[in-house]
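S.K.: need coordinates for the following:
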Amino acid sequence: MSAILIAGTHSGVGKTTVTMALLAAFTRRCTVAPFKIGPDYIDPSHHTAICGRPSRNLDIFMMGEDGVSKTFASASAGADICVIEGAMGLYDGMGDTDIASAAHIARVLDVPVILVVDVKGMSRSAAALIKGYCDFDPRINVAGVILNRVGSPKHGEMIRTAIRQELSVPVLGEIPKSSRIKLPSRHLGLYMAHEGYRMDYVPALKELAENCMDLPAIRDIAEQTRERGIETEIGEDPAKHDVTIGIARDPAFCFYYADMIDSLNRHADLVFFSPLANDLPDVDGLYFGGGYPELYAQELSAQSRIRKQIRDAAAGGMPIYGECGGMIYLCESLVDLEGASYPMAGVLPGETEMTRRLQALGYTDASVSENPVVRAGRIRGHEFHYSQTLCAPDARFAYRMNRGKGIRDGRDGMVEYATLGSYMHAPPSFDVTRFVESCG
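M.R.: Below is the predicted model:
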């Protein structure tokens, strides 16, 4: 196994651009397995589009150290190199700890780190900054640095000289300020890879890596992981099952973890459909992931036939699971920022209003009461939304929040019939067996 972890000194330093550039360059040469630290859905969509191989999330809070190690090992099978994109700064974890940080992942997986540094406005101070990151935790192998937003060749040489004088860490790349590649973003982050792209940004990323980074040296650093002998696991091909689950997948519902889809596929046959275009397929259960129903409210509302089919299926007892955007769609209506109201599926007793301000962001932890979708006990996940859902006074909930906001009064997981909808996104390692059993 050969692996590197691309980390940054802080958010916005350019690690996503560097990661995608390396993916684009290495994919032309070998088989690359991409990974993303944290609960993000968006960056992995770009990784997957570039590599042609699903990008897996690695999140210690949601998956535990063993879960992260297992996912990394199994998803690395058959790859020549693994490229892991960090989140925030290298040592930024939960609160004032490094729990679930890029550094935490680097320790658990024992992989070398390449640090991306924004050097705009610095010369010798860049060496001091890098030294601090290298020395802060001696368990972390900061094996090289990539300098971003370098003002000129002379600027880059000044920083290289300072690093050579003070540190043994190699400079593996210099990205000129003029070469910064911008990808369009909105309230939840970058646009998804499938939205309006023809993948024409990939050649520019590949050229950036080949012109500005020392690819052979980066490969050599990645080979350090091979010597540590991390074991891999190869999963079995999914078999035919007695249960079929329909998964809504289109521009309105596009937030899914590859591990969760794989887990469902090990227990059930899967059918993908679009509430924007299709009738309801012949299935035993339904899963609506998060996404952007607010951007497609008019189109979703116009599809009255499938809305009625979903409503009738729910009333007939079909198990249905909706996360965030999926939960919003399962409610009675969606009110946009201009005050226009659009009828939705009408399964859950609530109305969702979009807001201009962020309503919730962060990890969640809930105690789960008996319900048809999520096994009773505890569940960890995350929430991120610009909306609030106003529920009927007698609405029932399956989650009591120990951490996070939820829908109302510290409760989440609204339940109606055999349908559960929550603002909480379940983890990649979500136990799907309760849901599948209910569909059987």
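S.K.: for Asn148, which three-state class applies?
M.R.: Three-state call for Asn148 (DSSP: H, G, I helix; E, B strand; the rest coil): strand.
S.K.: Thr16 is in contact with that one, correct?
M.R.: No. Using Cβ atoms under 8 Å, Asn148 makes no contact with Thr16, being 11.2 Å away. Any C-beta I mention is one placed from the backbone N, CA and C, and that applies to glycine too.
S.K.: can I get stretch 379-397 as CSV, trimmed to CA atoms?
M.R.: Output in CSV follows, covering the C-alpha atoms of stretch 379-397 (Å, rounded to 0.1, in the frame of the first residue of the first chain):
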residue,chain,number,x,y,z
ILE,A,379,-26.3,7.0,16.6
ARG,A,380,-23.6,9.5,15.6
GLY,A,381,-23.7,11.7,12.5
HIS,A,382,-23.6,15.3,11.5
GLU,A,383,-26.0,18.1,10.4
PHE,A,384,-25.5,21.1,8.1
HIS,A,385,-28.5,23.1,6.9
TYR,A,386,-29.9,26.5,6.1
SER,A,387,-33.5,25.7,7.0
GLN,A,388,-35.9,25.1,9.8
THR,A,389,-38.8,22.7,9.9
LEU,A,390,-42.0,23.6,11.7
CYS,A,391,-43.7,20.4,12.9
ALA,A,392,-47.3,19.6,14.0
PRO,A,393,-47.7,19.8,17.8
ASP,A,394,-48.2,16.1,18.0
ALA,A,395,-45.2,15.2,15.8
ARG,A,396,-43.4,12.1,17.1
PHE,A,397,-39.6,11.8,17.2
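S.K.: buried ones in that stretch?
M.R.: Residues of stretch 379-397 classed as buried by neighbour count (16 or more other Cβ atoms under 10 Å): 379-389, 391, 395-397.
S.K.: picking that back up, mutual contacts of Asn148 and Thr16, please.
M.R.: Common contacts of Asn148 and Thr16 (Cβ atoms under 8 Å, 6 or more residues apart in numbering): none found.
S.K.: pick the one among the buried residues of stretch 379-397 closest to Val436.
M.R.: Val436 lies nearest to Ile379 out of these, by Cβ to Cβ, at 16.1 Å.
S.K.: and the closest one, its phi and psi?
M.R.: Torsion angles at Ile379 (phi, psi; degrees, to the nearest 10) stand at phi -140, psi 140.
S.K.: that one and Ala426 touch, don't they?
M.R.: Yes. Ile379 is within contact range of Ala426, at 6.6 Å (criterion: Cβ under 8 Å).
S.K.: can you list the buried residues in stretch 311-324?
M.R.: Arg311, Ala313, Ala314, Met318, Pro319, Ile320, Tyr321, Gly322, Glu323, Cys324.
S.K.: the fifth one touches Gly440, doesn't it?
M.R.: No. Look at Pro319 against Gly440 with Cβ under 8 Å: they stay out of range, at 9.5 Å.
S.K.: which pair in the buried residues of stretch 379-397 spans the largest distance?
M.R.: Checking those with Cβ to Cβ, the most distant pair is Tyr386 and Arg396, at 25.3 Å.
S.K.: so who does the residue lying farthest from the centre of the chain touch?
M.R.: For the chain, the residue at maximal distance from the C-alpha centroid (Cα atoms, centre = their mean) is Gln165, at 39.0 Å. The contact partners of Gln165, taken as Cβ under 8 Å, 6+ apart, are Ala127.
S.K.: separation between it and Lys131?
M.R.: 11 Å (Cβ to Cβ, to the nearest Å).
S.K.: how about the strands in the stretch 201-350 of the chain?
M.R.: 244-248, 253-255, 269-273, 285-288, 290-291, 320-323, 331-335, 341-343, 348-354 (DSSP state E, counting those that start in this stretch).
S.K.: okay, those in TSV with distance to Phe26 next?
M.R.: What follows is the strands of the stretch 201-350 of the chain, written out as TSV (distance: least, Cβ to Cβ, whole Å):
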stretch	distance to Phe26
strand 244-248	30
strand 253-255	26
strand 269-273	29
strand 285-288	33
strand 290-291	29
strand 320-323	32
strand 331-335	42
strand 341-343	44
strand 348-354	40
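S.K.: point out the most buried one among these.
M.R.: Of all the strands of the stretch 201-350 of the chain, strand 320-323 has the most neighbours on average by mean count of other Cβ atoms under 10 Å, namely a mean of 28.
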